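1. sequence first, then the predicted structure:
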Amino acid sequence: MTHQVRAVVARGKGAPVSLETIIVPDPGPGEALVKIEACGVCHTDLHYREGGINDDFPFLLGHEAAGVVESVGEGVTDVAPGDFVILNWRAVCGQCRACLRGQSWYCFNTHNAKQKMTLLDGTELSPALGIGAFAEKTLVAAGQCTKVDPNASAAAAGLLGCGVMAGIGAAINTGNVGRGDSVAVIGCGGVGAAAIAGSNLAGAAKVIAVDIDDRKLETAKKLGATHTVNSKDADAVEAIRELTGGFGADVVIEAVGRPETYKQAFYARDLAGTVVLVGVPTPEMKLELPLLDVFGRGGALKSSWYGDCLPSRDFPMLIDLYLQGRLDLDAFVTETIALDEVEKAFERMHHGDVLRSVVVL
Ligand code: APR
Ligand code: ZN
Ligand code: ZN
């Protein structure tokens, strides 16, 4: 059997997205069919639409989603119809070299659905990050479904599926922020704001938010920033040093993805401190640093892929903290929109008006 559902498709490079009817097959072995309840709009969706990721048009966009499992294929035991799940793009294989050494958050061979979703004429769709959730229903590998407490709001929960998890994980997993640490976060969009919330959860004593947009600094305060710096008016490195006894922060999280902000992060951390790069650079960007400073300042320069998260470990835990009122996921939902408003949401994202627009179905 197959299902015909409405979905947001990017048909060609730079062209506006369109609302289309697509065909979703019933789940085969190891797969799950999920009825989507909410899906956030992420920069990566826009990058797909612009052809910035690859040329495998048409894309089925959307990947920060929560919903309810409708049916599962043969051999699926971890999730069952009726389960409330967050979709992830890290269904770990258990067999690659990362998994075998017990570091499955780096898994190099993650699973997606084997069967293809198609347009009505049979053209195969490429689902964004192997998910494709700007759709009434989508087909994923069962391992991409992480069961969480159904009392969570779908709009808030879905955001853990990508950007918010990337930010929280940059702090708690990659940066290893601990009780009493000083942290600076450069760039306070959805990802940076989540890094601030994550630092707070981890017990940081000082959390310095840096951005060039005062609106983002306001939200950062709501999520627990103890200090804010507008780096349009002030030197970010000087300001962070001043706020940390002249030394720099223990952990600096770069959530913009640009060489100049990376350099700020590099020099704004204390000796032997940690820099975490969670912002995603573009191919033409280059970084130049005195190698002597790389050596002399010591510490760790790390990248954070998807917050180095393990969905099965991190999603249920973070949803529990959310339900206990200790993690304000609702603060990331700037607006809820309908399925046919994704193009408008890209506009607003481009202007920096939102942390996240979330499609609610
Ligand atoms: N200095 C400080 N902040 C900056 C600078 C700068 N030079 N340039 C931009 N910013 C701020 C913006 O004002 C914005 O608040 O960085 C923030 C970026 O946020 P968003 O555009 O909302 O992006 P977000 O979803 O948070 O993602 C950030 O992480 O996952 C990656 O691809 C994503 O590279 C992007 C980054
Ligand atoms: Zn693996
Ligand atoms: Zn994303």
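-> Perfect, thanks for sending it. Residues are numbered from 1 along each chain as shown. Ligands and ions are numbered 1, 2, ... in the order given.
2. tell me the contacts of V69?
-> Residues touching V69, when contacts are defined by C-beta atoms under 8 Å, 6 or more residues apart in numbering, comprise 32-35, 79-83, 85, 145. Placement of C-beta: from N, CA and C, glycine included.
3. distance of it from A156?
-> V69 sits at a distance of 19 Å from A156 (criterion: C-beta to C-beta, to the nearest Å).
4. repeat for L291
-> 44 Å.
5. and what of N112?
-> Taking C-beta to C-beta as the measure, N112 falls 25 Å from A156.
6. between the two, who's got more neighbours?
-> Here N112 and A156 are compared on neighbour count by other C-beta atoms under 10 Å; more neighbours surround A156, at 23 against 17.
7. on the three-state scheme, the more buried one is what?
-> For A156, the reduced secondary structure class is helix; criterion used: DSSP: H, G, I helix; E, B strand; the rest coil.
8. from the structure, what's the count of residues near the spatially closest residue to it that is not a sequence neighbour?
-> If the residues on either side of it in the chain are set aside, A156 comes closest to L329, at 3.8 Å by C-beta to C-beta, 6 or more residues apart in numbering. Taking other C-beta under 10 Å as the criterion, the count of residues near L329 is 23.
9. could I get the phi/psi values of L329?
-> Reported as degrees, to the nearest 10, the phi and psi values for L329 are phi -70, psi -30.
10. which element, helix or strand, includes the residue in the chain sticking out farthest from the centre?
-> Residue distances from the centre of the chain (C-alpha atoms, centre = their mean) peak at L292, which lies 33.6 Å from the mean C-alpha position. Remark: L292 resides in helix 291-297, with elements defined by DSSP states H and E.
11. so which bits of that helix are buried?
-> Using 16 or more other C-beta atoms under 10 Å as the test for burial, helix 291-297 gives R297.
12. for stretch 19-37, same thing?
-> The neighbour-count check on stretch 19-37 (16+ other C-beta under 10 Å) flags 20, 22-25, 27, 30-37 as buried.
13. return the subset of these lying in strands.
-> Here DSSP state E is the test, and the buried residues of stretch 19-37 give 20, 22-25, 31-37 as lying in strands.
14. which residue does the stretch 1-150 of the chain bring closest to ligand 1?
-> Across the stretch 1-150 of the chain, the shortest distance to ligand 1 (C-beta to the nearest ligand atom) belongs to H43, at 4.5 Å.
15. with the chain instead?
-> Taking C-beta to the nearest ligand atom, the chain has G189 as its residue nearest ligand 1, at 1.8 Å.
16. doesn't L355 make contact with that residue?
-> Yes: applying C-beta atoms under 8 Å as the test, G189 and L355 come out as touching, 6.7 Å apart.
17. what parts of the stretch 101-250 of the chain come near ligand 3?
-> When proximity is defined by C-beta under 5 Å from the ion, the stretch 101-250 of the chain lies next to ligand 3 at 162-163.
18. pull up the gap between the residue in the stretch 101-250 of the chain that ligand 3 sits nearest to and Y267, please.
-> Of the residues in the stretch 101-250 of the chain, the one nearest ligand 3 is C162, at a distance of 3.2 Å by C-beta to the ion. Counting by C-beta to C-beta, the separation of C162 from Y267 is 30 Å.
19. now do A194
-> Using C-beta to C-beta, one obtains 24 Å as the distance from A194 to Y267.
20. more neighbours: the two, which one.
-> For A194 and Y267, the more surrounded residue by other C-beta under 10 Å is A194, and the numbers stand at 34 against 18.
21. skipping adjacent residues, who's closest to the more buried one in space?
-> Take A194 and drop its neighbours on the chain: the residue closest to it by C-beta to C-beta, 6+ apart is G167, 2.7 Å away.
22. check which element follows the helix or strand where that neighbour lies along the chain.
-> When elements are assigned from DSSP H and E, G167 belongs to helix 163-169. Remark: after helix 163-169, the chain's next helix or strand is strand 182-186, criterion DSSP H and E.
23. okay, now the sheet partners of that next one, with direction.
-> Looking at strand 182-186 with DSSP bridges, its paired strands and their directions are strand 206-211 (parallel), strand 249-254 (parallel).
24. how about the contacts of V69 in JSON lines, adding pLDDT and distance to ligand 2?
-> Listed next are the contacts of V69 as JSON lines, based on pLDDT from 0 to 100; distance: C-beta to the ion, whole Å:
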{"residue": "A32", "pLDDT": "98", "distance to ligand 2": "19"}
{"residue": "L33", "pLDDT": "98", "distance to ligand 2": "24"}
{"residue": "V34", "pLDDT": "98", "distance to ligand 2": "22"}
{"residue": "K35", "pLDDT": "98", "distance to ligand 2": "28"}
{"residue": "V79", "pLDDT": "98", "distance to ligand 2": "19"}
{"residue": "A80", "pLDDT": "98", "distance to ligand 2": "24"}
{"residue": "P81", "pLDDT": "98", "distance to ligand 2": "27"}
{"residue": "G82", "pLDDT": "98", "distance to ligand 2": "29"}
{"residue": "D83", "pLDDT": "98", "distance to ligand 2": "23"}
{"residue": "V85", "pLDDT": "98", "distance to ligand 2": "21"}
{"residue": "C145", "pLDDT": "98", "distance to ligand 2": "17"}
